[in-house]
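[1] everything below, folded, please.
(chains A and B)
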Amino acid sequence: MNTLIRQQRETTCQDGRTEHRHYGMVIDLTKCLGCQTCTMACKLFHGLGPDILRVRVVEQELGQYPDVERLYIPLRCMHCDEPECVKACPTGATKKRPDGIVRIDRDECMGCRYCAVVCPYQARSFIPVEKRYFPESGNHWEDVRYRQHQVGTMDKCDFCHERIDRATDRMLEPGEDPEATPICVISCIGKALYFGDLNDPESTVSRLLEERESFRLKEDLGTGPSIYYLPRRKRK
Amino acid sequence: MIKTLREGFVFQRDWTGKGERGLRDQMLMPAIFFGAISPGLYITALLTDFIPGLWVSVVLNIAGYGLAHIMYLGRMERFWRGLLNLRHSWISRGLLFNIIFTISSTGFVVLRSMGTVADSDQYMPVIKWISFISSLLFLAYPGFMLSFVKAIPFWHSAVEPLLFFIQGVLGGTAVQLLMGSLFRIDPSVSAGLLKINYLLVITVLLIILSALIIKSLHGEAERASVMYLLGIYRGDGRLFLYGALIGGLVIPLLLLSLFIFYGGHTAVVTATLYTTLILELTGIYFAKYGFIRAGAYPSDTIPKREGV
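    This is a model prediction of the structure:
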């Protein structure tokens, strides 16, 4: 039922009369194991070559001996409200959709890398040459995926927008239905990643943000990231 | 010290002049260098009516800047798309300034050299002014391009446009004075250019030193950039210290002081002067290389106030 209501709301949105969806992600740092499954799932699903990362998990050490902790922070494109990359892109290849997803039109990118330089989160990769992990023994899936990338252009996380777009047509709810959810979220073994509509007060992401304290990275730059982090709960 | 350097910042990896594409990736720094020298030379040559200088400027712009810059792009054939975001992007604006500069400067130089069109012709002053203004804009744009980058605090300041502009004019005077060995330049013009060159060396040195001091007092990322430029952190940062700061500014300043205040026209003095000018040019190259390589982001670490 909820899905139907949301779909109805979205239909109204497309007419431009009510608010749009705003997709975002909530990452629970208490649950992240640092296993890099999200990194690998993304690479496999999108057929990303060596050195091309859309998602990465960095480690941070906190505290001083003997009270020391290690924290894992999954990083990706923050799909900012005020994306610096969109402003900087000279060709207009980087676009922000009404639903908040920032994506690159590969056919328009000229590969100047200004977007990568201006991004405060270093979330973009340049595809310099055609390179595969297993050039001799690639399977059909890899062939298809590799062909989708263009050498000499930029690459970054787009929240698996194809899955979202395709599934929305089939009345599925992004963030709730696995088929309509980014691959990193459904592959996370610690269930640390949540995806959904930040404008929908009933979505999981909105409820988590309502219930728990959260923060965003480099908020002082005014980019308005759509990725929220839930801080690690302190050990008792 | 090591702890400070290993935490809290990450150097930018995208504009380094190095990469898997070999020569094409290396084209970035020559493009930025010639993008400063060419309009700088054009301004000095235009103001002193030095036609060989105008020609060299046009050639450096087309071959040195234009071709190198296009080669650097990932998709060369789409370079024209760079004009599509003039409203926000400094790269788009720079491309527009360059196109106007290329067309107007080439047109002016060709017409001026042919001698078929007199200076008094109604179109010549228009072309001359367009080329002059576009050369000023083209000279300043890389500085604005860097200062736009909020993510890299070392670049995000008003110093970059000023520094890039003055360095370009400095390079222009140096090239024109060097060309004086091949082409006849009025001695009074040469003497004037030399004094301007001397003042510009002092100005650039003061700007760089004050920028380094001020930025070293700020955040970790800015301090890391300064340390990089002083050669403390990484090996190639020494190119800036020895190539740009000492070799490209301090030594030329001392030699020019001797030359200006004590004079002399012996072969040794002339050779020393040309060496000084070459040192200045290599210094400009290393300064730009250093400033771009030194860009560092504050780390993607969680804010301290969260206290997790």
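[2] name the residues that touch stretch A:156-171?
    The set of residues external to stretch A:156-171 that reach it, using Cβ atoms under 8 Å, 6 or more residues apart in numbering or on different chains, is A:3-4, A:7, A:10, A:23, A:25, A:42, A:45, A:54-55, A:76-77, A:79, A:97, A:101-104, A:123-125, A:174, A:177, A:179-184, A:195. C-beta coordinates here come from the backbone N, C-alpha and C atoms, glycine included.
[3] helix, strand or coil for residue 131?
    Reading this off chain A. coil (DSSP: H, G, I helix; E, B strand; the rest coil).
[4] now it. Nearest residue, chain neighbours left out?
    Excluding its sequence neighbours, the residue lying closest to A:K131 (Cβ to Cβ, 6 or more residues apart in numbering or on different chains) is A:G49, at 4.6 Å.
[5] looks like the one you found contacts A:Y133 (just checking).
    Yes: under the criterion of Cβ atoms under 8 Å, A:G49 lies in contact with A:Y133, with a separation of 7.1 Å.
[6] neighbour count for these two, which is higher?
    Set A:G49 next to A:Y133 and count neighbours by other Cβ atoms under 10 Å in any protein chain shown: A:G49 wins out with 22 against 13.
[7] quick one, helices of chain A?
    Secondary structure of chain A, counting by DSSP state H: helices at A:2-14, A:37-46, A:84-88, A:114-118, A:140-148, A:161-169, A:183-187, A:204-211.
[8] what's the most buried one of the ones you listed?
    For the helices of chain A, the stretch with the most neighbours on average is helix A:114-118, a mean of 26; neighbours defined as mean count of other Cβ atoms under 10 Å in any protein chain shown.
[9] how far does it sit from its chain's centre?
    With Cα atoms, centre = their mean, to the nearest Å as the basis, the distance from the averaged C-alpha position of helix A:114-118 to the chain average is 18 Å.
[10] what is that helix packed up against?
    With contacts defined as 3 or more Cβ pairs under 8 Å, 6 or more residues apart in numbering or on different chains; DSSP states H and E, helix A:114-118 has these neighbours: helix A:84-88.
[11] near chain B, anything from the helix it packs on?
    Yes: when contact is scored as Cβ under 8 Å from any Cβ of the partner chain, part of helix A:84-88 falls within range of chain B: A:84, A:86-88.
[12] who are the packing partners of that helix?
    For helix A:84-88, the contact count by 3+ Cβ pairs under 8 Å, 6+ apart identifies strand A:94-96, helix A:114-118 as packing neighbours.
[13] roughly how far is that helix from the heart of the chain?
    Taking the mean C-alpha point of helix A:84-88 and that of its whole chain, the gap between them comes to 17 Å (Cα atoms, centre = their mean).
[14] again, but for stretch A:38-57
    On the basis of Cα atoms, centre = their mean, stretch A:38-57 is displaced by 12 Å from the centre of the chain it belongs to.
[15] list the contacts of it.
    Residues lying outside stretch A:38-57 but in contact with it, judged by Cβ under 8 Å, 6+ apart, are A:32, A:34-36, A:72-77, A:123, A:125, A:127, A:130-133, A:141-142, A:144-146, A:148-149, A:155-157, A:160, A:183-185, A:187-188, A:193.
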